[in-house]
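In: quick check, what structure comes out for this input:
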Amino acid sequence: MACAWGSSGIRKHTRPSATSFEMTKMRRRNFLFGSAAFAATLRPVPGRAAAPRVVALDYGLAQTLIELGVPPVGLIDTQGWAEWPIEPPLPASVVNIGSSFEVNMELLQLLKPDLIISTPYLEWVRPQLEQIAPVKSFPIHALGSSPYPHIIAATRELGRMLGRQGEAEALIDRTDNELQVAKASTRHLGKLAVITFIDARNIRVYGPGGIFQDVFDRLELENAWPHPTNEWGFGDTSMAGLVDIGDSRLFYMDPVPPDLLATLADSPLWQSMPFVKNGHAQRMASVLMFGTLPAASRFARLLTEAAA
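Out: Residues are numbered from 1 along each chain as shown. So this is what the prediction gives:
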């Protein structure tokens, strides 16, 4: 799912009522400014078979599309790509179609997609989307199990639908190879935990049910967080709760709230943590927690770099 809602993971579930949907139509029309300018850039190259025109309502699925060589013509919250997924690079031609809770239907129609790909968490808007193009929903996260098999299945299904089966299998094999290389490079990391600071008091810790744990499992790394996590693969705790990870390695992931690091420097509680006193706390660049295979590869590579 898209992460332009911020790191809390709450706003993305917001579903506007039918009334609010109608009320936002005027705001959506503001996105149409400049549409004629980019429309010409979306025409197929003469002499070359045109790729299917796909719109993605999810960052993770967009990651896969780009890797398959069929980047989306439209995507929600393109401004947030450089902060959340980061990889692979988002082509400049991809058009911003609003957000997951306020899709610009007029602009979406203008793009004339052959297919719209989405997730079950946007089913509330499916009737409107299907008036524009066929919709395919891919259930991946929050299914009560590891998302990794569902990511593989979605990769293969997209490859089949778009005539890119070879590229899909190549992506799966490449990811597996990258994880195997990372496994050899990270074996000495020992127990570790990955967190996100919501603010100075509220912390998200990642565990079973999410893509980060999937990578841990494939690298044969032990998660230091001893408590259960939810169906999305994370749990919430306070700073005091981090004492439970002991002297394991701790990675705190970007984006870090402004001024938080200065607060931590002056926090007796933070400074008393074994992982801080022993120099085992380390900042890590952002990885899309609801991502697909490119996110898994990125996370494994960042762990490898930390282990060097």
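In: the closest residue to Phe138 other than its chain neighbours: neighbour count?
Out: Spatially, and ignoring its direct neighbours in sequence, Phe138 is nearest to Ala154 (4.4 Å; Cβ to Cβ, 6 or more residues apart in numbering). Just so you know, the C-beta spots here come from the backbone N, C-alpha and C atoms, and that holds for glycine as well. Residue neighbour count, defined by other Cβ atoms under 10 Å, stands at 24 for Ala154.
In: one more: Leu189?
Out: As a burial measure, the neighbour count of Leu189 was computed by other Cβ under 10 Å and equals 18.
In: quick one on the thing from earlier: now the residue nearest to Phe138: which helix or strand?
Out: helix 148-161 (DSSP states H and E).
In: what does Ser286 give?
Out: Using DSSP H and E, Ser286 sits in no helix or strand.
In: distance-wise, check it relative to Met253.
Out: Counting by Cβ to Cβ, to the nearest Å, the separation of Ser286 from Met253 is 6 Å.
In: for Leu189, same thing?
Out: Distance from Leu189 to Met253, by Cβ to Cβ: 16 Å.
In: over to Gln213?
Out: Taking Cβ to Cβ as the criterion, Gln213 is separated from Met253 by 14 Å.
In: okay, now the unreliable bits of this protein?
Out: Counting by pLDDT under 70, the chain contains low-confidence residues at 1-49.
In: tell me which stretches of it form strands.
Out: For the chain, the strands defined by DSSP state E occupy 54-56, 74-75, 95-96, 98-99, 102-103, 115-118, 135-137, 192-197, 202-206, 234-238, 249-253, 281-284.
In: tell me which strands and helices the lengthiest helix in the chain is in contact with?
Out: With DSSP state H applied, the helix covering the greatest number of residues in the chain is identified as helix 165-186. Using 3 or more Cβ pairs under 8 Å, 6 or more residues apart in numbering; DSSP states H and E, the elements in contact with helix 165-186 are helix 59-67, helix 148-161, helix 211-219, helix 293-307.
In: next, the angle from it to strand 192-197.
Out: In this structure, helix 165-186 runs at an angle of 110 degrees to strand 192-197, with axes from the mean of the first three to the mean of the last three Cα atoms, to 10 degrees as the basis.
In: now the angle from helix 165-186 to helix 293-307?
Out: For the pair helix 165-186 and helix 293-307, the angle between their directions (the same axes, to 10 degrees) equals 20 degrees.
In: residues of helix 165-186 that come out buried?
Out: Glu167, Ala168, Leu171, Ile172, Thr175, Glu178, Leu179, Ala182, Lys183, Ser185, Thr186 (16 or more other Cβ atoms under 10 Å).
In: against Asp199, how distant is the third one?
Out: When you say that, I think you mean Leu171. Leu171 is 36 Å from Asp199, where distance means Cβ to Cβ.
In: now do stretch 248-265: distance to the chain's middle.
Out: 20 Å (Cα atoms, centre = their mean, to the nearest Å).
In: can I get the CA coordinates of it in PDB?
Out: As requested, the backbone C-alpha atoms of stretch 248-265 are provided in PDB (Å, rounded to 0.1, in the frame of the first residue of the first chain):
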ATOM      1  CA  SER A 248      20.900  -6.700  20.500                       C
ATOM      2  CA  ARG A 249      21.600  -4.500  17.400                       C
ATOM      3  CA  LEU A 250      18.900  -1.900  16.900                       C
ATOM      4  CA  PHE A 251      18.200  -0.200  13.600                       C
ATOM      5  CA  TYR A 252      15.900   2.900  13.600                       C
ATOM      6  CA  MET A 253      14.500   3.600  10.200                       C
ATOM      7  CA  ASP A 254      14.100   6.800   8.300                       C
ATOM      8  CA  PRO A 255      12.300   9.100   8.200                       C
ATOM      9  CA  VAL A 256      13.200  10.200  11.800                       C
ATOM     10  CA  PRO A 257      10.900  13.000  13.100                       C
ATOM     11  CA  PRO A 258      12.500  16.400  13.200                       C
ATOM     12  CA  ASP A 259      14.600  17.100  16.400                       C
ATOM     13  CA  LEU A 260      14.100  13.600  17.700                       C
ATOM     14  CA  LEU A 261      17.800  12.700  17.600                       C
ATOM     15  CA  ALA A 262      18.600  15.800  19.800                       C
ATOM     16  CA  THR A 263      15.900  14.600  22.200                       C
ATOM     17  CA  LEU A 264      17.500  11.100  22.300                       C
ATOM     18  CA  ALA A 265      20.900  12.600  23.100                       C
END
